[in-house]
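Student: turn this into a model:
(chains A and B)
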Amino acid sequence: GAVVSQHPSRVICKSGTSVKIECRSLDFQATTMFWYRQFPKQSLMLMATSNEGSKATYEQGVEKDKFLINHASLTLSTLTVTSAHPEDSSFYICSARAGPEKLFFGSGTQLSVL
Amino acid sequence: KQEVTQIPAALSVPEGENLVLNCSFTDSAIYNLQWFRQDPGKGLTSLLLIQSSQREQTSGRLNASLDKSSGRSTLYIAASQPGDSATYLCAVRPEETSGSRLTFGEGTQLTVNP
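Tutor: Numbers count the residues shown, from 1 in each chain, chains lettered A, B, ... in the order given. From the prediction side, this is the model:
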């Protein structure tokens, strides 16, 4: 089946630093990728929809200047958490659309901001 | 705004037992409903996808049903095994949006005891 690679799997950083998370579709091209955030014991919340070659569409309440999304190629989308703070600590998951009904998820990134 | 609720939040059963997980959604205007499995600290694996026109889907020991008009879906797991232990998430895709924008429930954490 299709594979979505997400890196890093875990990152610990100091407050105020920026963290970049990569999401790659390894064996298919994805014009659309999605970024989710998941707090412990809670559901996945969609943060933004990333479209190749255009600006990302952010969900209400998600700060676009804080969560920078770049989808420069058909196989790579990146999420950069700028000036991270402890409240940004969460599990971030990307997904990529391989077809009309085919959505594949990355393995997630656990971000801990000290 | 679509809301997805899963009951129970957690379930612990002995190996071999048949079990049912429940999912309800507030807006019946859905395109499809999907059940996922999530292992601790990992991404999501799609289990079953039911189109809005379908009543059920089966894969191995899993059977998912959909009653769109009442806003309910169930995931039936037959002859449960310890390897089935995971969090099960249901997600709905609305009719009116393109792409694969999903709304997730908070999940049912299943533990199957040997």
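
Student: near chain A, which residues of chain B?
Tutor: Chain B has residues B:4, B:32, B:36, B:41-46, B:49, B:89, B:91, B:99-107 near chain A, with proximity defined as C-beta under 8 Å from any C-beta of the partner chain. Yep, even glycine has a C-beta here, placed from its N, CA and C like the rest.

Student: looking at the residues you listed, which are in strands?
Tutor: B:4, B:32, B:36, B:44, B:45, B:46, B:49, B:89, B:91, B:103, B:104 (DSSP state E).

Student: partners of the helix or strand harbouring residue A:46, with directions?
Tutor: Taking DSSP states H and E as the criterion, residue A:46 maps to strand A:44-51. Strand pairing for strand A:44-51, using DSSP bridges, gives strand A:32-38 (antiparallel), strand A:57-58 (antiparallel).

Student: deepest-packed of the ones you listed, please.
Tutor: strand A:32-38 (a mean of 24; mean count of other C-beta atoms under 10 Å in any protein chain shown).

Student: in the sheet, who's paired with the residue nearest to residue A:57 when sequence neighbours are not counted?
Tutor: In space, and not counting its chain neighbours, residue A:57 is closest to residue A:49: 4.5 Å by C-beta to C-beta, 6 or more residues apart in numbering or on different chains. Per DSSP bridges, the residues bridged to residue A:49 are residue A:34, residue A:57.

Student: burial count for residue A:49?
Tutor: Look at residue A:49: counted by other C-beta atoms under 10 Å in any protein chain shown, it has 21 neighbours.

Student: with residue A:53 instead?
Tutor: Neighbour tally, residue A:53, other C-beta under 10 Å: 9.

Student: what's the first helix or strand after the lowest-mean-pLDDT helix or strand in chain A?
Tutor: The weakest-scoring helix or strand in chain A, judged by mean pLDDT, DSSP states H and E, is strand A:102-105 (a mean of 86). Next helix or strand after strand A:102-105 toward the C-terminus (DSSP H and E): strand A:109-113.
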